[in-house]
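A.B. asks: When you get a sec, could you give me coordinates for this:
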Amino acid sequence: MTTLLFAQDVSGFWSTAMISTNLVVVLNLLGSLLLGVVLGYERTYHGRAAGMRTYGLVSMASTALIVVTGHTTEWFGGHWQAVGGDPTRVIQGIVTGIGFLGAGVIMKDGLNIRGLTTAASIWLSSAVGVLVGIGFYAAAIILTGLTVAAMVVILRLENWLPSHQVIGVVMRFSRGVVPEVGKLSQLALHRGYQIDPYSLAISYQDGMPEWRFVVSSVSKNRGETFSQLADELSSIEGLESFSMAHARN
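C.D. replies: Residues are numbered from 1 along each chain as shown. Okay, the predicted model is just below:
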């Protein structure tokens, strides 16, 4: 008798109704991933750190966590009534706690922000755990596969699609030199880059002006290479020293 009851309980997780529910969840995940990638491409195109992968992962995780609340009758193989408490409150606590954990891996390094995609994938892993916990095994398996695809395939797609290369520049001029934004802008534009006017920051140290700004390529294929741009900057009259680094913010 015990074996029969156990077999009935397990079969409930793979019943026709559960498979149909999993299919609905998966279709929602696919649509959410597609829309998230489309939204993220606009950020990737402009050289931002949160791009297609980050938006796609966050969109999928949000969908996974909300869509299951519309199918509570199929939770735990259709045996939710036998479970005490309110699982939706547990889900809320998990998502909040994992969100703080993901925030811990986001770091700012100069003009770069690192760890956004890792944080999103950590948060998404909680959604996978929730799906497994409530018995949506097929959806959890497919969500895991979509996550891996988003991390690997979409990265290649990001590199293939047109986007702006963004470079952070720090220039230190000799004492008494007065740089001109117009000349620097013309020089950058001639080399296929444009200066972001809102990124310009000017400071003085021992009477020597220091300029910090961000340049972005006009198009993916027009800007000179990183080393070529560095050689060009080194020839500017009155430039004491400079540094450059790829920037995504």
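
A.B. asks: Which SSE is immediately downstream of the worst-scoring helix or strand of the chain on mean pLDDT?
C.D. replies: The weakest-scoring helix or strand in the chain, judged by mean pLDDT, DSSP states H and E, is helix 2-12 (a mean of 53). The first helix or strand that comes after helix 2-12 along the chain, using DSSP states H and E, is helix 16-45.

A.B. asks: Going by neighbour count, list what's buried in that next one.
C.D. replies: For helix 16-45, burial by neighbour count (16 or more other CB atoms under 10 Å) applies to 18, 21-22, 25-26, 28-29, 32-33, 36-37, 40-41, 43-45. In short, each C-beta sits where N, CA and C put it, glycine included.

A.B. asks: List just the nearest of those to S174.
C.D. replies: Within those, the smallest distance to S174 is 37.5 Å, found for Y45 (CB to CB).

A.B. asks: Show the contacting residues for that closest one.
C.D. replies: By CB atoms under 8 Å, 6 or more residues apart in numbering, the residues touching Y45 are L161, P162, S163, H164.

A.B. asks: ok, of those residues, which come out buried?
C.D. replies: S163, H164.

A.B. asks: Which one of the contacts of Y45 is nearest to A245?
C.D. replies: Looking across those and measuring by CB to CB, the closest to A245 is H164, at 15.7 Å.

A.B. asks: Ramachandran coordinates for that closest one?
C.D. replies: Main-chain torsions, H164, degrees, to the nearest 10: phi -90, psi 130.

A.B. asks: separation between S241 and S199?
C.D. replies: As judged by CB to CB, to the nearest Å, S241 and S199 stand 20 Å apart.

A.B. asks: neighbour-wise, which of those two wins?
C.D. replies: A direct count of neighbours by other CB atoms under 10 Å for S241 and S199 places S199 higher, at 17 against 12.

A.B. asks: List the residues that contact the more buried one.
C.D. replies: Neighbours of S199 in contact, by CB under 8 Å, 6+ apart: R212, F213, V214.

A.B. asks: The second one touches I202, doesn't it?
C.D. replies: Meaning F213. No - in this structure F213 lies outside contact range of I202 using CB atoms under 8 Å: 9.1 Å.

A.B. asks: any weak-confidence spans in the protein?
C.D. replies: 1-14, 46-49, 76-87, 90, 109-112, 133, 220-224, 248-249 (pLDDT under 70).
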